[in-house]
Structures are given as structure tokens and as C-alpha cells.
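Chemist: Take a look and give me a structure for this.
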Amino acid sequence: MRWAIEAVSTEATSTPTRTWTNWAGNQKARVRRIATPSSAAEVAQTVREAAAQGLAVKPVGSGHSFTPVAVTDGVLIRLDNLTRLRSADKSSRLVTVEAGMGLWRFNELLAEQGLALTNMGDIQAQTVSGAIGTGTHGTGRSSASIAAQVAGLEVVLADGSIVSCSATERPELFEAARIGVGAIGVITAVTFRTEPAFLLAAREEPMRLDAVFESFDELWQDNEHFEFWWFPHTDATMLKRNNRTEGPAAPLSRSRVWLEDEFLSNTFFSGLLKAGRSAPRAVPAINKLAAKALSARSYTDRSDKVFTSPRRFKFLEMEYALPREATVPALREIRRMLQDAGLRIAIPIEVRTAPADELWLSTAYGRDTAYLAFHMTEGVNPAEYFENAESIMVAYDGRPHWGKLHTRDREYLASAYPRFDDFLAVRDKADPQRVFANDYTRRIFGA
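Modeler: Numbering: from 1, shown residues only. Next up is the predicted model:
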């Protein structure tokens, strides 16, 4: 597995090609054609034409996955023009949007309707289909991933047919396609279960790592949403707790948002990362400085504005889902590993939680879960760090995030997911000729 080297699909030099690059810049594809359909019917036509020519097809949204999930040498379907709100029923709170809509835009439209998603990840740059397709999640004691909030899907299959699926209509297809990693079909529309808009009271404060270890179970039990960032080579963490409140709203001022979320968390931190890249020995001191720069704060705002925050700098990421009870032991091993290996890691390790769910390929399937996310600065090879961390994650029965870097294959994943074979059976029916396959899906799902 080449952690930091781009994955490139190539075409014969006699064939005109176009190039696509993901957000992080570590995945590139030279493709035969880039299609930008404006309807499900146009997606279906594109799939039929590609299949007839023996070309593979991969859909892509914002390109926010770090894996080669969207890399192909055939036809790349960009979902940029599938961004319409199809329906919003306030009585049932079911909202249907096209697959290429950005989460940020979806949140704005929901707010206009007085609605909200129950939970979200910490960024909203992805499209709705990209977010659910790779299992994007936030943190929560009882609220699960974005895919768990999906009530129905419209999907274009490999034969060009347009089908709808839900828990009652084609239920097996629905279970496979909700987190389908691009291997089942092209999602063209998503119906979400939403709820009335709500406020979250956010409390962010520094806490010593050992204190977090000692109170981890209480922090999880006592808060609806709890997460923390640990600054390697220090005992410093930044703890965040989000809980529902009746209000009133008390958002951060524009000047404070600019200072803390834009300048300190992005511009200033990006500068520290560059300094650490130039002088690795200074990373421990830089991490202490970065931790001290983030002060405690409390505010109350619309849920999506509390859940999400901007990410302006580029990085690579690996994330594993562990049984929740393994969180503290695994982090202690990570701390020892960093000391023993002499690594200098400048970006904090993020820790979040999720309840057990029943989505076939959910990283939280069947068990209460903790997520440990490892990041590497742009331009620095993450191989040694990610390999060492991954060996610890695997020892604790970790499941890799489908859209973030890892080296697991079908054999490992089949043992990690009780419904893995069920997923493969649906894939065989939906795409027997592997129109939607690429090297990544062949590694994780087999031929």
C-alpha cells in the first residue's frame, strides 16, 4: 500500500484523457470521459453507454475521500448538476435531495424548513451521497452516522435501470447501497429522516490526557456528543461537549469566529504545521504552543453550525473504529508507540464515539464504537506513522473508515463484518459485470 503516493489510473497514450484529483491531492485519475449529467435519466444513459463500451464507471462528489474509491480509467460521473431539493414534507419530516447536493447547502435548506439532521460529522464539504456512501459519521452517545438517517434511495444500477429502495422496497438493495462504497450503483437521490431544528450548547475546554482517560466513560455517558483532540508528545487535549438546549441561542461573535475558527484553527495552525515540517525536532514544542492557543469557550447555536467547522489546510487521514471499551488501552499504546518510534506528529489525534447500529457495512455495526483518527501534514509521507498506528488498531479488532487510508483487504474485512457476504451477494446481483469496480473495490470486496 502506497500511503502517500497518488493512485493514478492510466489509459493508452492514443486515447484522449482527462484528469481528476481528489481534495487531498493524493489520488489522481486519467479518465476516458468525465460526464456531468443533470438528471437520473442522464446518469442511466451514461452508465449504459459506458457498459456497452466495456468502460468502468465511478461517481464522484466533492472528492473528499482519501482512498482511491473514485479512481477509474473509464467514465467519471461528476454529480455537480444533481443538486436539487425534490421534496420536503414537514409532517413526516422526510426530505429528498439529489445526490450531488453539498451537506453545507442541505443544512441551509433544512434550516429554512425548520428541520435538521440528528447528527453530523465535523465537516460539511462532502456531497450527501459521498457522505453516506463511505459511512461519514459524527460523534454521539445515541445518534448514529449520516447513513443511519437515510430513509430511501434512488439508484442507477449497472444495467442502466433507475430503481428506488427503502426498508420496505427492495430492502436488501437498500441495506447494501446505504454504505455501498460506490460498488452497488450510482445514487442519484437521497431521502432523509429529519427532525425539528434544535440548538446545541457547546462547551470546549482543555483537559489533561490522563484526566480524560480516567473519566472517559463518564464523559461519554453524561453528554449527547463528546469528542476530544489529543496533541501528540504532550498531555494536552481539547475536549468538546455538545448537548441539546432550549436556548436562547448565544452564537459566537463574527470576530471570535474569525479569530478562533479561521485564524487560530486554520491560518495559524497551518503555519505551525509548516514549521513542524521544516523542523521535526520542534514538533513537541509546537504542539504545546498549539494547545495553549486554543482557550476554553462556550456557545449555543443551530445544530449544524455546532457540529461542523472549517478545514482550510490539506492533510492525509486514516481512521479506525474500535469497540468503545478499547479506546483508552489503544490510546495508551499509541502514546508508547510514538515514544518508541521517535515519530514527530504535528496534527492532533481525534477521538469520537458512536452507538451500535445495524447498517451492513457501518463501522459501528453491532457494537458501541470509538473512532481514532490519525492525520499527517500535507507533503509528509505518513507511511511509518500510519503503519504503526494501524497495527495497533487491527490488534483491537478495528474497522477502517471506507473513505480514509488503510491497507485492509477482503479477507480481513469479511471477518470484521457479520453481513459482509450479504453485501457481496447484493453486489453480484446489482453489478454482475463489475461496471462500478476499480482497484480499491477489488481489494476490499474481491473480484
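Chemist: which non-adjacent residue is nearest residue 416?
Modeler: residue 399 (5.1 Å; C-beta to C-beta, 6 or more residues apart in numbering). From N, CA and C alone the C-beta is placed, and that goes for glycine too.
Chemist: Hmm, residue 415 and that neighbour touching each other?
Modeler: No. Counting by C-beta atoms under 8 Å, residue 399 does not reach residue 415; the two are 10.4 Å apart.
Chemist: The two: which is more packed in?
Modeler: Taking other C-beta atoms under 10 Å, residue 399 and residue 415 do not tie; residue 399 has more neighbours (27 against 10).
Chemist: Tell me who's in contact with that one.
Modeler: By C-beta atoms under 8 Å, 6 or more residues apart in numbering, the contact set of residue 399 is 320-321, 363, 413, 416-417.
Chemist: With neighbour count and distance to residue 60 added, can I get these in JSON lines?
Modeler: Shown next, in JSON lines, are these (neighbours: other C-beta atoms under 10 Å; distance: C-beta to C-beta, whole Å):
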{"residue": "320", "neighbour count": "26", "distance to residue 60": "24"}
{"residue": "321", "neighbour count": "27", "distance to residue 60": "24"}
{"residue": "363", "neighbour count": "26", "distance to residue 60": "22"}
{"residue": "413", "neighbour count": "20", "distance to residue 60": "23"}
{"residue": "416", "neighbour count": "18", "distance to residue 60": "26"}
{"residue": "417", "neighbour count": "18", "distance to residue 60": "25"}
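Chemist: and the two most separated of these?
Modeler: The span of the contacts of residue 399, defined through C-beta to C-beta, is set by 320 and 417 at 14.0 Å.
Chemist: Tell me how many other residues crowd residue 407.
Modeler: So residue 407, with other C-beta under 10 Å, has 16 neighbours.
Chemist: where's it relative to residue 372, distance?
Modeler: Taking C-beta to C-beta, to the nearest Å as the measure, residue 407 falls 16 Å from residue 372.
Chemist: Please apply the same query to residue 311.
Modeler: 18 Å.
Chemist: circling back to that earlier point, partners of the residue nearest to residue 416 in the sheet?
Modeler: Taking DSSP bridges as the rule, residue 399 bridges to residue 321.
Chemist: Let the chain start at 13 from now.
Modeler: Yes, from this point I'll number from 13; that puts the last item at residue 411.
Chemist: now it: how far from residue 128?
Modeler: As judged by C-beta to C-beta, residue 411 and residue 128 stand 28 Å apart.
Chemist: Helix or strand: which one has residue 437?
Modeler: Using DSSP states H and E, residue 437 sits within helix 432-442.
Chemist: Give me the mean pLDDT for that helix.
Modeler: What helix 432-442 shows for mean pLDDT is 98.
Chemist: residues of the helix or strand following that helix that come out buried?
Modeler: Next in sequence after helix 432-442, counting helices and strands by DSSP H and E, comes helix 451-457. For helix 451-457, the buried set under the neighbour-count rule, 16 or more other C-beta atoms under 10 Å, comprises 452-453, 455-457.
Chemist: now what about the helix or strand hosting residue 331, what contacts it?
Modeler: Using DSSP H and E, residue 331 sits within strand 327-335. The set of residues external to strand 327-335 that reach it, using C-beta under 8 Å, 6+ apart, is 15-16, 36, 38, 78, 342, 359, 362, 366, 375-376, 379-390, 394, 398, 401-402, 405, 408-413, 416-418.
Chemist: Perfect, I'm done here.
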